[in-house]
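# Task: produce atomic coordinates for the following.
(one chain, ligands or ions: 1)
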Amino acid sequence: MELHIDEKKLLKIFQDSGKEEIPVKELSRNELMGSETKVMRSALWLSGKGLVDIVERRRKYVKLTERGEKTLKEGLPERRIAEYLKKKGITHIPIEDVKDILDKSEINPALGYLKRKGIAKIEKGVIHFKTLDYRDEEEEVLKNIKIDGNIEKYPPDILNILKKRGLVEIEETTERSIRLTEKGKEYIKEPIEIKEEITQLTREDIISGRWKECYIRPYDVGVPTEEVYPAKYHPLTRMIYEVREVLLSMGFKEVKSPIVETEFWNFDILFEPQDHPARDMQDTFFLKYPKSGEIPEELLRKVKEVHERGTVDGRKVSKGWNYEFQEEISRRTVLRTHTTVSSIRYLASLSQEEKEKPHKVFCIDRVFRNEAIDYKHLPEFYQCDGIVMDKNVNFDNLIGILVEFLRKLGFDRVRVRPAYFPFTEPSLEAEVYLEGKGWLEILGAGMFRPEVLAPLDIDKPVLAWGIGLSRLAMLKLGLKDIRELHRNDLKWLKSVRYAP
Ligand SMILES: N[C@@H](Cc1ccccc1)C(=O)O
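Numbers count the residues shown, from 1 in each chain. Model prediction:
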């Protein structure tokens, strides 16, 4: 194990003394250390390596109060009376004369102590000392406390009296000591050599040959350091950037479309019947203002025809939904419920000439659904939709593209199963495998139906898919609650690692 020179020095003190535990104070007095900070720093490193433990003990100690200090210098009041009498060569004194020796406030307690300790007796207002050279344990304890505060050394009853007299007080401190662990004891069995260490070789070191004597300590890049938190993007933003990066690298182009949509673009053109349950108030946010929006009339007519009869300009595409299509419904405004709108709007924007060419576009944006908020639902979340239009693309290509896309996002195990969407046929749902969680469904896809493409006058196959990004973020960040993404809890934001 590679140790810093200070760590070696600390262990050397243990080696030389043969002790297993040494107080920090004592270590700091050793010339190899020299300060408590140095001892503590080295001990912290060593404890990180499992060689020592830092032991902390709460300890009570006794110390003199200010009054105690003063009394120690002047003597206890009862002693001062005795000393006075000794000088005068007498052994008694009238109580009223004591005021020449003591402060007024000291007199009564002093008389009390003289009687209690049996040093003097009081008769008819006169104090009679039995002896002037008496021994007083309280006095001795007081002197000793000045030198050594260890509470265990003194009889508790004496300490109590001194405390009551306001001469001493009890305090608590934490005392630290360093103790070798088993691993530490093992380590110091080998001789510890303390060589001067350098971390940089100078020209002089090389010329003088000093480098031969010096020990060049290797850098330890594994040393734990304080965490630093540089400014960074929110994990959801990083995930959006990553998805965008992946799609751009696969040759897709990004498109956008408005958040406020008409039902026409959000549903009708995607061949969702007007009484489809997804349009229910419970699933979709309808807007009061603006109440309605503009729709290209020509396209509206075609979409109406395909819904009602399954024909486009009289040409049979399918059976249609067979109900009476209402244009007022088409004009109603909603907050878009999926980004598939951006895909379809893009297709509708193509000129005849552009329709001849292949297209790959995607959209990453917010969508809205009237959901009750809970651990996996938010009324506003991110989706990413994409399409590929080319004359020979097929369902297999769709699966291939999705597998590639998901693999680039870090999901190696992907499987697909059949699904249903009103605007695609065939349709699929893709699931990814997450360690410890199993298979999780994360995207929907399929080939746009002829009922969707015919009114747009597109005769090439179009592959389409949509993926919930907030859901994906939850998976990638290991979140149990999707609300975490928007709580802006600084602690979480600082610590969260988004690994692309
Ligand atoms: N729009 C669908 C996903 C989807 C997109 C494109 C094709 C098929 C499905 C959804 O929100 O769940």
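# Low-confidence stretches in the protein?
With pLDDT under 70 as the threshold, the chain has low-confidence stretches at 499-500.
# Can you pull the residues of it lying near the ligand?
Residues of the chain lying close to the ligand (C-beta under 6 Å from any ligand atom) are 338, 340, 385, 421, 424, 427, 444, 445, 446, 464, 465, 466. All C-beta spots, glycine's among them, are computed from the backbone N, C-alpha and C.
# From residue 136, how far off is the first one?
Distance, residue 338 to residue 136, using C-beta to C-beta, to the nearest Å: 95 Å.
# neighbour-wise, which of those two wins?
Higher neighbour count among residue 338 and residue 136: residue 338, with 23 against 16, using other C-beta atoms under 10 Å.
# I'd guessed the more buried one sits against residue 383; true?
Yes: the pair residue 338 / residue 383 is scored as a contact, 6.0 Å apart, by C-beta atoms under 8 Å.
# shared neighbours, the two?
367, 466 (C-beta atoms under 8 Å, 6 or more residues apart in numbering).
# and residue 388, helix, strand or coil?
In three-state terms, and counting by DSSP: H, G, I helix; E, B strand; the rest coil, residue 388 is strand.
# Could you pull up the residues touching it?
Neighbouring residues of residue 388 by C-beta under 8 Å, 6+ apart: 358, 359, 360, 397, 398, 401, 462, 463.
# give me every residue that touches the fifth one.
Read that as residue 398. For residue 398, the contact set (C-beta under 8 Å, 6+ apart) comprises 388, 428, 445, 446, 447, 463, 465.
# gap between it and residue 462?
From residue 398 to residue 462 the distance is 10 Å (C-beta to C-beta).
# on that earlier part again, please convert the residues of the chain next to the ligand to JSON lines, extending it with secondary structure.
Formatted as JSON lines, the residues of the chain next to the ligand follow (three-state DSSP):
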{"residue": "338", "secondary structure": "coil"}
{"residue": "340", "secondary structure": "helix"}
{"residue": "385", "secondary structure": "strand"}
{"residue": "421", "secondary structure": "strand"}
{"residue": "424", "secondary structure": "strand"}
{"residue": "427", "secondary structure": "strand"}
{"residue": "444", "secondary structure": "strand"}
{"residue": "445", "secondary structure": "strand"}
{"residue": "446", "secondary structure": "strand"}
{"residue": "464", "secondary structure": "strand"}
{"residue": "465", "secondary structure": "strand"}
{"residue": "466", "secondary structure": "strand"}
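# Let me see the contact set for residue 59.
172, 173, 174, 175.
# Go again with 6 Å.
When contacts are counted by C-beta atoms under 6 Å, 6 or more residues apart in numbering, residue 59 is found next to 173, 175.
# That one - that's part of a helix, no?
No: under three-state DSSP, residue 59 falls outside any helix and is assigned strand.
# what about it, distance to residue 420?
Distance of residue 59 to residue 420, given as C-beta to C-beta: 75 Å.
# In this structure residue 430 contacts residue 400, no?
No: between residue 430 and residue 400 there is no contact under C-beta atoms under 6 Å: 11.9 Å.
# more neighbours, the two?
For residue 430 and residue 400, the more surrounded residue by other C-beta under 10 Å is residue 430, and the numbers stand at 24 against 13.
# Would you mind listing the two of the contacts of residue 398 that lie farthest apart?
Greatest spatial distance among the contacts of residue 398 (C-beta to C-beta): 388 and 428, at 14.5 Å.
# ok, which stretches of the stretch 151-300 of the chain are strands?
For the stretch 151-300 of the chain, applying DSSP state E, counting those that start in this stretch gives strands covering 168-180, 197-198, 215-216, 253-254, 260-262.
# Is it possible to get TSV of those strands that adds mean neighbour count?
Formatted as TSV, the strands of the stretch 151-300 of the chain follow (neighbours: other C-beta atoms under 10 Å):
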stretch	mean neighbour count
strand 168-180	16
strand 197-198	14
strand 215-216	12
strand 253-254	13
strand 260-262	21
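# Same list (the ones you listed) but as JSON lines, adding distance to residue 272.
Converted to JSON lines, these look like this (distance: least, C-beta to C-beta, whole Å):
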{"stretch": "strand 168-180", "distance to residue 272": "71"}
{"stretch": "strand 197-198", "distance to residue 272": "75"}
{"stretch": "strand 215-216", "distance to residue 272": "73"}
{"stretch": "strand 253-254", "distance to residue 272": "25"}
{"stretch": "strand 260-262", "distance to residue 272": "13"}
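# Which elements pack onto the strand or helix carrying residue 429?
Per DSSP states H and E, residue 429 falls inside strand 424-434. Strand 424-434 is packed against strand 414-421, strand 438-448, with contacts defined by 3 or more C-beta pairs under 6 Å, 6 or more residues apart in numbering; DSSP states H and E.
# Just name whatever secondary elements the first one is in contact with.
Looking back up the chat, that one is strand 414-421. The helices and strands touching strand 414-421, judged by 3+ C-beta pairs under 6 Å, 6+ apart, are helix 395-408, strand 424-434.
# just those: most buried one?
With neighbours taken as mean count of other C-beta atoms under 10 Å, the helices and strands packed on strand 414-421 reach their highest mean count in strand 424-434, at a mean of 19.
# so what strands line up beside that one?
strand 414-421 (antiparallel), strand 438-448 (antiparallel) (DSSP bridges).
# Can you tell me which of these is packed in deepest?
Mean neighbour counts for the strands paired with strand 424-434 (mean count of other C-beta under 10 Å) peak at strand 438-448, with a mean of 19.
# then the following helix or strand past it to PDB, C-alphas only?
As assigned by DSSP H and E, the chain's next helix or strand after strand 438-448 is helix 450-453. Only the C-alpha atoms of helix 450-453 are listed here, as PDB (Å, rounded to 0.1, in the frame of the first residue of the first chain):
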ATOM      1  CA  PRO A 450     -53.700   4.300 -46.600                       C
ATOM      2  CA  GLU A 451     -56.600   6.200 -45.000                       C
ATOM      3  CA  VAL A 452     -53.900   8.600 -43.600                       C
ATOM      4  CA  LEU A 453     -51.700   8.800 -46.700                       C
END
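# Just the residues contacting helix 450-453, thanks.
Residues contacting helix 450-453 (C-beta under 6 Å, 6+ apart): 271, 306, 317, 318, 423.
# Right, I'll call it a day here.
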